[in-house]
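*Asks:* Predicted model, plus sequence, below.
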Amino acid sequence: MVVNDDVVALAPRSAKTGKEIKLAMQELWLTGEILAVGARLVVRHTFQSAENDPLEVIYAFVLPRDAALRRFKVEGEGFSVHSELRPVEEAQKAYEKGIEEGHLSTLAKQYRDGVVNLSLGNLRPGETVRVYLEIVAGVESHDSGIRFRYPFTLAPCYHSEAKIIEVERGTGEIELPEDKFGDLILPRFVADASALHRVGFELSIVLPAGMKEIASPSHHIRTSVDDQTRARVSLATGHALPDRDLVVDVSTKTDLFGVIGGIDKDGKGHFAAIVPSGRFGQRSDQPRRVVFVLDRSGSMNGIPIQQAKRAVEACLGALTEDDSFGIVAFDDKVEVFKQSLSKGAIEDREEARQFLGKIEARGGTELAKGILEAAKLLSHDGGDILLLTDGQVFGTEEILKQARSTKLRIHCLGIGSASQDRFLTLLSRETGGTSRFLTPRERVDLAVVDLFASIGRPVASELKVKSDCMTGKTKLSPQPARAVFEGHPLVLFGETDGATADRLVIEWEHEHATQRLEVPVQVGEHEEAETVRLLHGARLITDIESRLLGDARQSAAEKRLEQRLKKRLKVLSERFGLASRAMALVAVVQREGDRAGEIPQTRVVPVGMPQDTAFVSYFDRLRKGRGLVFSTAGSRLMLAESVQMMRFRGMGSGSQMGDLLSKEDLDMLTDSASGPDDFLVGLAGRVQPDGGLPGQDNEERIVLTLVALLCFLTHGHTRSAGTFRSHVQRLIAFLERQSVMNQLETRDEMIERAIQFVKTRKPQRDDWVSAARRLMGNRDHDWSKLKTKLEENLATAEK
Amino acid sequence: MTDKKEKRLSLGELAEKAKLPPRTLRFYIARGLLPGPRKAGRAAEYGAEHLKRLQQIKGMQAKGLSLAEIGRLLGEEASEIIVEQPRAWWSYPIQEDVMVWVRADVGPWRLKQVRNALKQMVAHLSEAGKKEKDGNGSK
């Protein structure tokens, strides 16, 4: 643990006025260890009073995915006290009694949506107290790497009954109904986070698969690698602002396949097994039924909505004529592209583009309405939902309940600087889908195309896992996922009676045949045993909490069900020693000089608005009059790159085969200022249902398809790897058909060579994008010259 | 009399009566929505006015107002009482045991009416006093 006292000693000053600011919480510092299946973290909160009266400080934060509070330690001059885990009501009473008697009291109580209030009461004038809060949390696992995310701020979220108000210029408040959210106190949201508390981190990463690269799209980081399997990552600058999540990406040298765990103090064996999707084989090519559900709420405005729209267009390019699709856009109202699913035919896709073109971000986030509307479209024969959202909603348990009722797989692409990772992870997992969460500064379109390539076509379905135990009893919980999707590993948690040499036998269906895979599980003494046990517990607790509505307006039957769930939650909390919505953490420190009956002044620690999200997207209307704001209208994102996004607008409107590459498309495709990825996304969006690119005639189509194929290939997208793998497969299929049809001159050696070249999967350095831009920019081609040029390029690439 | 009978409450008791956690009450006090206790330290106590204010806050919340707006409204209400302009008054000792106060800034025509009324009052009270005296003497 690193205590950076130099940082603590410096008083924060307003960036605007330069004046010293009295903060109740000065600093938040994250430390801990990240493993392949989760992280064990310690968050140090430094509270300091610069006031003349005793203080009660309330800090609100949101838990990361699959997370639970384990315990905390309160430290100050001459004391160090650990928390106790007690039923919520008891803990709250102990806290209040402590406050009344003048003792330093600390309470960590969890509410709905994974929001926690950490309250510290009776902080004496001038005193400094540190609270070290231990948290266990999940990570986003990929086949060959992980993404770790920790929220340093809380996103202002939408709820239909929330009161949203700008209390002073640049400072907003959100209040939630008490009968649904209890006594939760939310922070004030401040547009300028520069005067708020400082945040920082220093983390260890342990990945036996060996680390290839460590990066962060959110913060400047410093890394040091101890050996190939252990590394440290810390903030490169002195401190950061509480206006965004910390995101750390680690890619590994080999896939994450493996089992970690061991015998813990309870005498039981605890393990977590990761089986990468690649171990299950290839995905099938069955026709897909997909509905895109696009969040167009105010908070999505700017880059995210533009990227999401463009990404949907690119996904449409990966559909074949056998696939069916629908589009639903929602804010507080729902708009549907068509009342039934459309085929991937050219006309439908063109109409879909026009529909997307008209979508603008505005209004609230009625996510459940969007999902239910998508479910209607898929009601007869099932299918998959691909949700693109920032997930900034309160009352997520209600949405989860409705989502489960659809019995459809929901795949989520989350976009945001402040995490709704916990909610979107649950939404996809509880419905059997997959999820990814990005920051607005990453490319949303590439990620969605990547996610889309794997959905609707699991690499394994009807999955069953059984234990083939030889020396003990192995129990898996929660129930393993029923399907595995490309890029997303199967993660299993389990426990054994003691030291065990077991074998997990995984069976699944793939293309009408039963497949089988064995995973050896050796459970013995191991240092990670406790961490794995805690991660296991946090996962089980999170799953139950996602079903707890906590709504005072429920029916008697619903209340009975909630009581049962709460009992189960309490049992789990006690068994794993983790807090939950049934059990809270409390500590009371009795000290000399405590004065009973004194009322401490309450201070709620403000947080910064999530980076890239404009304050006005939530707290706009009050400036126009003293009314309540129930929606998130009029949002605006403030990204320097936003001008560049203007290029994405006005994607083609033509409907004739020969005119599909419109002037605007050509401008975009031939604009050398846009990056190669922009170009590839645009190209992907132009792929026709038969797999080829549009053109005046077949000859032109073949040449352009070849060029497109080589563009994808030279950027690392092959038939089996890369974001555009679905597109590559379809381009190859088109060219192969042309070759078989034996009709044209161009089905000659050049096509064969190109296909062979593609099949060898040799990415070349040649910039085919530049070549393609030149080729496509000239509408009055001399086709013989073009072919010659292509042959030359191909020959160069093959060298 | 009623003041003496009124039960004084601790913060915990007030919270229980208002069905709100004590932490919420402290939060309201810090925001200026709820007045602080009547006395400081261990003797801190709360009364009916605190409970009434909490009910008032709940009512305003139910009508859709946010705490910030409630704070503003309650602040305006309080300021109307406190910041009222000072006024000058004339005092007229009508009898040894009767004093009538008249605002000094009333218009001349009104003052004339008031003076006439006062004269009648003086006459009436003097008459009534005399009769009572005579009556008592005859008995």
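*Replies:* Nice, thanks for sending it over.

*Asks:* as a whole number, average confidence for the top helix by length along chain A?
*Replies:* Using DSSP state H to define each element, chain A has its longest helix at helix A:556-576. The average pLDDT within helix A:556-576 is 93.

*Asks:* which residues touch that helix?
*Replies:* A:68, A:85, A:87, A:533-534, A:536-538, A:540-541, A:544-545, A:547-551, A:554, A:578-583 (C-beta atoms under 8 Å, 6 or more residues apart in numbering or on different chains). To be clear about C-beta, it is placed using only N, CA and C from the backbone, and glycine gets the same treatment.

*Asks:* Out of those residues, list just those in helices.
*Replies:* A:533-534, A:536-538, A:540-541, A:544-545.

*Asks:* most surrounded residue in those residues?
*Replies:* Using other C-beta atoms under 10 Å in any protein chain shown as the neighbour test, the ones in helices among the contacts of helix A:556-576 are led by residue A:538, with 30 neighbours.

*Asks:* related to what we said a few turns ago, which of the residues in the longest helix of chain A are classified as buried?
*Replies:* Neighbour counts over helix A:556-576 (16 or more other C-beta atoms under 10 Å in any protein chain shown) mark A:562, A:565-566, A:568-570, A:572-573, A:576 as buried.

*Asks:* Please apply the same query to stretch A:724-743.
*Replies:* Buried positions in stretch A:724-743, judged by neighbour count with 16+ other C-beta under 10 Å: A:724-735, A:738-739.

*Asks:* CSV for those, including secondary structure and pLDDT?
*Replies:* Output for the buried residues of stretch A:724-743, formatted as CSV (DSSP: H, G, I helix; E, B strand; the rest coil; pLDDT from 0 to 100):
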residue, secondary structure, pLDDT
A:724, coil, 84
A:725, helix, 82
A:726, helix, 81
A:727, helix, 84
A:728, helix, 85
A:729, helix, 84
A:730, helix, 84
A:731, helix, 86
A:732, helix, 83
A:733, helix, 83
A:734, helix, 84
A:735, helix, 81
A:738, helix, 74
A:739, helix, 63
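
*Asks:* Mind giving me the packing neighbours of the longest helix belonging to chain B?
*Replies:* Longest helix in chain B by number of residues, with DSSP H as the criterion: helix B:108-138. Secondary-structure packing of helix B:108-138 (3 or more C-beta pairs under 8 Å, 6 or more residues apart in numbering or on different chains; DSSP states H and E): strand B:89-95, strand B:98-103.

*Asks:* Looking at those strands, which is nearest to residue A:296?
*Replies:* strand B:98-103 (63.5 Å; C-beta to C-beta).

*Asks:* other SSEs contacting that closest one?
*Replies:* Counting contacts by 3+ C-beta pairs under 8 Å, 6+ apart, strand B:98-103 packs against strand B:89-95, helix B:108-138.

*Asks:* could these go into JSON lines alongside mean pLDDT, mean neighbour count and distance to residue A:290?
*Replies:* Output for these, formatted as JSON lines (pLDDT from 0 to 100; neighbours: other C-beta atoms under 10 Å in any protein chain shown; distance: least, C-beta to C-beta, whole Å):
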{"stretch": "strand B:89-95", "mean pLDDT": "83", "mean neighbour count": "12", "distance to residue A:290": "82"}
{"stretch": "helix B:108-138", "mean pLDDT": "78", "mean neighbour count": "11", "distance to residue A:290": "84"}
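
*Asks:* With distance to residue A:283 as extra columns, can I get these in CSV?
*Replies:* Formatted as CSV, the helices and strands packed on strand B:98-103 follow (distance: least, C-beta to C-beta, whole Å):
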stretch, distance to residue A:283
strand B:89-95, 92
helix B:108-138, 95
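
*Asks:* Can you say which of these is nearest to residue A:210?
*Replies:* strand B:89-95 (91.3 Å).

*Asks:* mind listing what that closest one pairs with, with the direction of each?
*Replies:* Its sheet considered, strand B:89-95 pairs with strand B:98-103 (antiparallel) by DSSP bridges.

*Asks:* does any part of the helix or strand hosting residue A:166 sit near chain B?
*Replies:* Applying DSSP states H and E as the criterion places residue A:166 in strand A:163-168. Yes. Using C-beta under 8 Å from any C-beta of the partner chain, we find that strand A:163-168 touches chain B at A:163, A:165, A:167.

*Asks:* of those residues, buried ones?
*Replies:* A:163, A:165, A:167.

*Asks:* pretty sure residue A:518 is in contact with residue A:505, am I right?
*Replies:* Yes. Taking contacts as C-beta atoms under 8 Å, residue A:518 lies within contact range of residue A:505: 5.6 Å.

*Asks:* higher neighbour count, the two?
*Replies:* The residue with more neighbours, out of residue A:518 and residue A:505, is residue A:505; 14 against 10, by other C-beta under 10 Å.

*Asks:* Might you report the residue contacts of the residue of the stretch 1-150 of chain A found nearest chain B?
*Replies:* As assessed by C-beta to the nearest C-beta, chain B sits closest to residue A:96 within the stretch 1-150 of chain A, at 5.0 Å. Residue A:96 sits next to A:105, B:12, B:21-23 when contact means C-beta under 8 Å, 6+ apart.

*Asks:* which intervals of chain B have sub-threshold pLDDT?
*Replies:* B:1-6, B:40-43, B:76-87, B:133, B:135-139 (pLDDT under 70).

*Asks:* Could you list the domains of it?
*Replies:* B:2-82, B:89-138 (automatic domain parsing).

*Asks:* centre of the chain versus the longest one, how much separation?
*Replies:* Taking C-alpha atoms, centre = their mean, to the nearest Å, one finds domain B:2-82 lying 17 Å from the centre of the chain it belongs to.

*Asks:* Which elements pack onto the strand or helix carrying residue A:310?
*Replies:* Counting by DSSP H and E, the element that carries residue A:310 is helix A:303-316. The contact analysis (3+ C-beta pairs under 8 Å, 6+ apart) places helix A:303-316 against strand A:289-295, helix A:346-357, strand A:384-389, strand A:409-415, helix A:444-454, helix A:642-645, helix A:676-686.

*Asks:* relative orientation of it and strand A:289-295 in degrees?
*Replies:* On the basis of axes from the mean of the first three to the mean of the last three C-alpha atoms, to 10 degrees, helix A:303-316 is oriented at 170 degrees to strand A:289-295.
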